[in-house]
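> Could you work out the structure for the sequence below:
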Amino acid sequence: MAPTDIASGDALNMRDGVTLKNLAAQLTANVPTAIATISIAGPQAEQIVISCTTFTRELRQLQPGRVYFGQWPLTAELTEQVVVCKTAEQVVELHCHGGKAVCQAILQSLQRAGCRLCSPTELTTAIRLGEPKPRSPIVIAAEQDLICAPTDLVAKILLDQLNGCLTRELISIIGLIADEEFSAAQTRLQILLKAAQWGTRLNHPWNVVLIGPPNVGKSSLLNALSGLERSIVHEEAGTTRDYVDVCLAIQGWPVRIIDTAGIRDTTDEIESAGIRQTERQIADADLIIFVVDATCEIQQLNWMEMVQAIAANSSPDDSTRVSVLQKVKMMVAWNKIDLLSDQFERLYSFRNQLEPHQLSELRIVPCHAAAGENFDSFRGVRGVWEAIVELFEFPAWQPGIPVPFRQIQVEAI
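Below is the predicted model of the structure:
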């Protein structure tokens, strides 16, 4: 049977002798918005909407293209203002406030009235072809993740997968296996697994954790990298009690920078709770940036040992512990260098202090995060930004690349 035009009135009514159900879906993203659009399609779509809506005057039918105002009952006491329009022979659109609770209540009432809830793609496909086409789990997942895409680059990659890039590649690999071309199939699978290393990060940003003693400039560094006054900066030590984070796009990739409470011995219960939060953030870090005040005498490095122990899942006394460098990327932001007159001598001394702790290979980036009155704060931390880019080795994106983007896909491969 050829695709039937919706205007004929037959597309949603019958297809190959099978009666199709009324469908309802929220067309706008499932996130809080000013206005949401819900579409109802099917042979009884018009009557369902009329029966559920209280209009200013009694209606038996809706005129195509005409706009109607009414009240939609959410509960026995509450109603929602709605705008109703019949956009095709068996399609009615409903516009309401975009709060999640309002949309959910309207969809539930449509379900009780006889509609089957579905995805926007299924509904629009049913309108266009008269019968929803089955969709692969990959396409469904891409559609869901696309709604929450944090950057333009992430959206482009997910759109490629939504349009079938990953599906086509997997079908091609299955074909190679069927033809017993195992070597070629394995090579293609390895390429997919390599792409998955950053594909699974599309909606789960890399975590960059700033740690160090109090008052070394961690909050200033977060503010300078983000261009926002996100963290409170004060000369009093221990200002940051809870962690503060901000999400950035670095070369289009989502990165979460986390400012943490300064690590030190303290009897303050609130500050101690903040330090425990710091330990939890360290455990989930992809990159740890040690922030050091270059103007002070070299501090005790027990906080570095603590980080090693957490990341290596062993105690500081464990002589067989694995170096943290094998488990998480690390670097040092050597801060406040604008206040030094003997920068090179201090830096040499600092490197010598790292040697006994097996941290001499750490990348040390001089910086000055605090902005003066006529000074661009990012200029002072550009080296830190560039080091983050180099350490993560963000891949260059090309259109049409198949990318596994969920862990379940990686496990299946």
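
> any idea which element the closest residue to Thr151 other than its chain neighbours lies in?
Nearest residue to Thr151, sequence neighbours excluded (Cβ to Cβ, 6 or more residues apart in numbering): Ala249, at 4.4 Å. Where you see a C-beta, it was placed from the backbone N, CA and C, and this is true even at glycine. If you go by DSSP states H and E, Ala249 is part of strand 244-250.

> Pull out the buried positions in that strand.
244-246, 248, 250 (16 or more other Cβ atoms under 10 Å).

> If we only consider those residues, which is nearest to Glu361?
Glu361 lies nearest to Ile250 out of the buried residues of strand 244-250, by Cβ to Cβ, at 23.5 Å.

> That closest one touches Ala387, doesn't it?
No. Applying Cβ atoms under 8 Å as the test, Ile250 and Ala387 come out as separate, 11.3 Å apart.

> How far away from the center of its chain is the longest helix anywhere in the chain?
When the chain is scanned for its longest helix (criterion: DSSP state H), the result is helix 182-199. On the basis of Cα atoms, centre = their mean, to the nearest Å, helix 182-199 sits 24 Å off its chain's mean C-alpha point.

> which residues touch Cys165?
Cys165 is in contact with 400-403, counting by Cβ atoms under 8 Å, 6 or more residues apart in numbering.

> Out of the residues you listed, which end up buried?
Using 16+ other Cβ under 10 Å as the burial test, the contacts of Cys165 include 401-403 as buried.

> now these in TSV, with secondary structure and distance to Gly70?
TSV is the format used below for those (DSSP: H, G, I helix; E, B strand; the rest coil; distance: Cβ to Cβ, whole Å):
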residue	secondary structure	distance to Gly70
Ile401	coil	48
Pro402	coil	47
Val403	coil	45
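
> Pick out whichever of the residues you listed sits closest to Ile257.
Val403 (24.5 Å).

> can I assume the closest one is in contact with Leu162?
No. Contact criterion Cβ under 8 Å: Val403 and Leu162 do not qualify, at 11.4 Å.

> Find residues that contact each of the two.
With Cβ under 8 Å, 6+ apart as the test, Val403 and Leu162 reach no residue in common.

> and the helix or strand following the strand holding Ala249 with strand 244-250, angle?
The first helix or strand that comes after strand 244-250 along the chain, using DSSP H and E, is strand 253-259. Relative orientation of strand 253-259 versus strand 244-250 (axes from the mean of the first three to the mean of the last three Cα atoms, to 10 degrees): 150 degrees.

> give me the element the closest residue to Trp253 other than its chain neighbours is part of.
Spatial nearest neighbour of Trp253, chain neighbours left out: Phe394 (4.9 Å); criterion: Cβ to Cβ, 6+ apart. Under the criterion DSSP H and E, no helix or strand holds Phe394.

> which residues does the spatially closest residue to Val216 that is not a sequence neighbour contact?
Take Val216 and drop its neighbours on the chain: the residue closest to it by Cβ to Cβ, 6+ apart is Asp293, 4.2 Å away. Residues counted as contacts of Asp293 (Cβ under 8 Å, 6+ apart) are 213, 215-217, 299, 335-336.
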